[in-house]
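S.K.: Provided below are the primary sequence and the corresponding predicted coordinates.
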Amino acid sequence: MSTGDVYTYSPKERHCLEGLAIENEHGKIIDWFWSGDVVGNQVVSPDAEDLTKIANLYDYEMTPRDGRESNQDYAPEDRLLIHSQHGLQQTHYIRKGAKPDLATRIENARERLSEAEYDARSAQRRVKSAQEALAELEAPK
């Protein structure tokens with residue numbers, strides 16, 4: 001265990017606990033719900049059930065715009081997502097020295113194409129439905 005180690009765990013309660021914790025410079029493992037501020041029961045025991053180290057923050061760097069830019073062009077093993085407020089706040093990191101991964105970018109492009117095709121089919125159905133509704137209204141009675 002060392003400063004910057006990032007852990008996941010299953011808190012016994014979910015109120016104001018994230019299930020993601022980072023070891024601070026004092027050797028305390030702090031649940032990240034409040035982004036590192038210690039409020040109430042935010043200190044996690046090193047003996048917590050299913051406490052699992054997933055990374056060390058110092059092996060990563062924030063993506064541009066203070067971590068607000070996505071890291072989706074990088075291989076999954078080169079990404080780190082630090083979240084708080086039950087995932088509402090997200091900071092994206094990439095492993096230092098990592099480069100965008102071609103296979104990951106291709107898969108992302110396939111997913112975007114699939115979503116666009118779905119949206120196009122849905123739009124076609126709406127157009128047809130609107131045309132039918134208009135034709136019904138305009139039909140002589």
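M.R.: Noted; the coordinates are in hand.

S.K.: from here on, just use CA atoms for contacts and neighbour counts.
M.R.: Will do.

S.K.: can you give me how far stretch 133-141 is from the chain middle?
M.R.: Averaging C-alpha coordinates over stretch 133-141 and over its chain gives two centres that are 49 Å apart (Cα atoms, centre = their mean, to the nearest Å).

S.K.: all helices of this protein, in order?
M.R.: Along the chain, counting by DSSP state H, helices occupy 102-138.

S.K.: domain-wise, how is it divided?
M.R.: Here the domain assignment for the chain is 5-95, 101-141, based on automatic domain parsing.

S.K.: would you turn these into TSV with mean neighbour count and mean pLDDT?
M.R.: What follows is those, written out as TSV (neighbours: other Cα atoms under 10 Å; pLDDT from 0 to 100):
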stretch	mean neighbour count	mean pLDDT
domain 5-95	17	91
domain 101-141	12	96
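
S.K.: go ahead and flag the most central residue of this structure.
M.R.: Nearest to the mean C-alpha position of the chain, by Cα atoms, centre = their mean, lies Leu81 at 5.6 Å.

S.K.: partners of that residue in the sheet?
M.R.: Note on Leu81: beta-bridge partners His92, judged by DSSP bridges.

S.K.: residues contacting it?
M.R.: Neighbour list for Leu81: Gln90, Thr91, His92, Tyr93 [criterion: Cα atoms under 8 Å, 6 or more residues apart in numbering].

S.K.: the closest residue in space to Asn24 that isn't next to it in sequence: neighbour count?
M.R.: Distances taken as Cα to Cα, 6 or more residues apart in numbering put Thr3 closest to Asn24, at 5.3 Å, once the chain neighbours are dropped. Other residues within reach of Thr3, judged by other Cα atoms under 10 Å, total 16.

S.K.: which of the contacts of Leu81 lies closest to Ala139?
M.R.: Gln90 (53.9 Å; Cα to Cα).

S.K.: tell me the contacts of the closest one?
M.R.: Gly67, Arg68, Leu81, Ile82, His83, Ser84.

S.K.: and of these, the nearest to Ala116?
M.R.: For the contacts of Gln90, the minimum distance to Ala116 (Cα to Cα) is 24.3 Å, reached by Arg68.

S.K.: from His92, how far out is that closest one?
M.R.: The spacing between Arg68 and His92, counted by Cα to Cα, to the nearest Å, is 6 Å.
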